[in-house]
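Novice: sequence first, predicted model second:
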Amino acid sequence: MPLTLHLGTDDLTRCRFAISPLCQTHEALRLLRRPARHGYHRAWLRRMRRTVAGLDLAPLWLFIPRAGGYTPDFLGAPPEEPYPSFEDEVARMRATDPALAHAEMARSLACVPGLADSPQGRAALDDPAGTVRRLADLTERAWHALLAPDWPRHRAVLEADIAHRSRQTADGGLDALLTGLHPGIDWAGDTLTLRMYGDLAEAQGADGRGVLLMPSVFVWPDVVSGFARPWQPTVIYPARGMGRLRAAPVPPPSDALARLLGVGRAAVLAGLTAPSSTTELARRHALAPSSVSAHLSVLREAGLVESRRQGYYVLYRRTGLGDALVDRG
């Protein structure tokens with residue numbers, strides 16, 4: 001049964017994007033809980049196996065049913081800002097209203113027969129404020145163990161997705177944006193339809209606050225929505241280019257591209273399949289960092305790459321022109 005969101009004028013003018021470290025952490029945890037549905041991420045799952053073994057995730061697993069079902073929204077609530085920090089988001093999670101937490105946890109536990117009456121279920125519901133604190137602490141540990149080390153690269157991929165879709169909107173309007181989000185999303189007659197979507201009992205419709213659009217590295221192949229009040233209607237979709245984070249080694253550039261740019265510069269451009277630092281590119285192509293830096297400077301001046309600082313890192317990524325040149329090379 002599909003989920004439909006009928007978007008009025010207020011909703012359309014208030015559609016926005018956001019990147020949420022908390023939501024990414026939550027989706028990574030869902031991936032760990034249901035790995036069979038996400039073969040695309042096998043390499044990441046293998047890499048995280050030892051890390052996960054050192055985390056006691058049982059209190060979180062209580063609210064992430066393995067066979068599917070509802071997970072409390074406060075565990076990965078839609079952010080109120082476009083680019084919140086994880087610290088701000090987990091502080092907001094800790095401040096969840098105990099009554100709201102109790103209602104969402106009860107709904108989640110009801111997905112598994114008998115779980116609400118188990119000792120663990122009763123203990124969680126008897127002290128919702130304490131349970132929220134414990135879940136927030138564990139989510140924070142999961143963030144630092146699973147995502148924080150790779151976050152600059154992940155965030156760069158998510159930002160690249162938003163930049164691409166912003167260009168789509170500039171070129172073709174909201175129709176171009178909403179029809180291109182995901183094969184499982186239809187946009188027609190002011191109605192956004194998420195096909196093959198389940199668990200709709202508490203899903204809310206659009207109500208004039210707009211729809212929050214969030215790219216995700218971990219949600220593939222799904223699209224996630226259905227947040228109940230008081231959360232903003234939200235659609236979480238697979239980020240464009242997310243596969244580049246797990247991609248196989250990049251093949252050498254074409255002869256035509258190498259003749260145009262030179263072998264080293266062409267290799268650096270072709271190797272930017274995901275946002276990368278100078279050090280990563282030097283290691284990948286067995287070049288001196290100074291050589292890579294020189295190549296990147298020329299490519300940036302030509303409008304083929306762009307850079308952005310992420311914390312202690314400067315990450316480079318191809319522009320749309322750079323993508324087109326590599327694809328046609």
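Specialist: Yes, it's here.
Novice: what's in contact with the helix or strand hosting L22?
Specialist: L22 belongs to helix 21-33 when assigned by DSSP states H and E. Applying Cβ atoms under 8 Å, 6 or more residues apart in numbering, the external contacts of helix 21-33 come out as 38, 41, 44-45, 48, 52, 57, 60-61, 64, 66, 71, 75-79, 84-86, 89-90, 93, 139, 142-143, 146-147, 151, 154, 214, 216-219, 224, 236. Every C-beta, even on glycine, is put in place using the N, C-alpha and C of the backbone.
Novice: looking at those, which are in strands?
Specialist: M214, S216, I236 (DSSP state E).
Novice: reformat those residues as JSON lines; add pLDDT, neighbour count and distance to G114.
Specialist: Below are the ones in strands among the contacts of helix 21-33 laid out as JSON lines (pLDDT from 0 to 100; neighbours: other Cβ atoms under 10 Å; distance: Cβ to Cβ, whole Å):
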{"residue": "M214", "pLDDT": "94", "neighbour count": "25", "distance to G114": "34"}
{"residue": "S216", "pLDDT": "92", "neighbour count": "24", "distance to G114": "32"}
{"residue": "I236", "pLDDT": "92", "neighbour count": "25", "distance to G114": "30"}
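Novice: of these, which is the nearest to A103?
Specialist: Taking Cβ to Cβ as the measure, A103 sits nearest to I236 out of the ones in strands among the contacts of helix 21-33, at 21.7 Å.
Novice: next one: the closest residue to that closest one other than its chain neighbours from G76, what distance?
Specialist: Nearest residue to I236, sequence neighbours excluded (Cβ to Cβ, 6 or more residues apart in numbering): V224, at 4.1 Å. Noted for V224: a distance of 9 Å to G76, by Cβ to Cβ, to the nearest Å.
Novice: pick out whichever of the two has more residues nearby.
Specialist: Using other Cβ atoms under 10 Å as the criterion, V224 and G76 rank with G76 on top: 26 against 21.
Novice: for stretch 28-35, buried residues please.
Specialist: Of the residues in stretch 28-35, A28, L29, R30, L31, L32, R33 count as buried by neighbour count, 16 or more other Cβ atoms under 10 Å.
Novice: CSV for these, including pLDDT and distance to P289?
Specialist: Formatted as CSV, those follow (pLDDT from 0 to 100; distance: Cβ to Cβ, whole Å):
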residue, pLDDT, distance to P289
A28, 92, 31
L29, 92, 36
R30, 89, 38
L31, 88, 34
L32, 89, 35
R33, 87, 40
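Novice: any chance of CSV for those residues, columns distance to G184?
Specialist: Output for the buried residues of stretch 28-35, formatted as CSV (distance: Cβ to Cβ, whole Å):
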residue, distance to G184
A28, 21
L29, 22
R30, 17
L31, 18
L32, 23
R33, 21
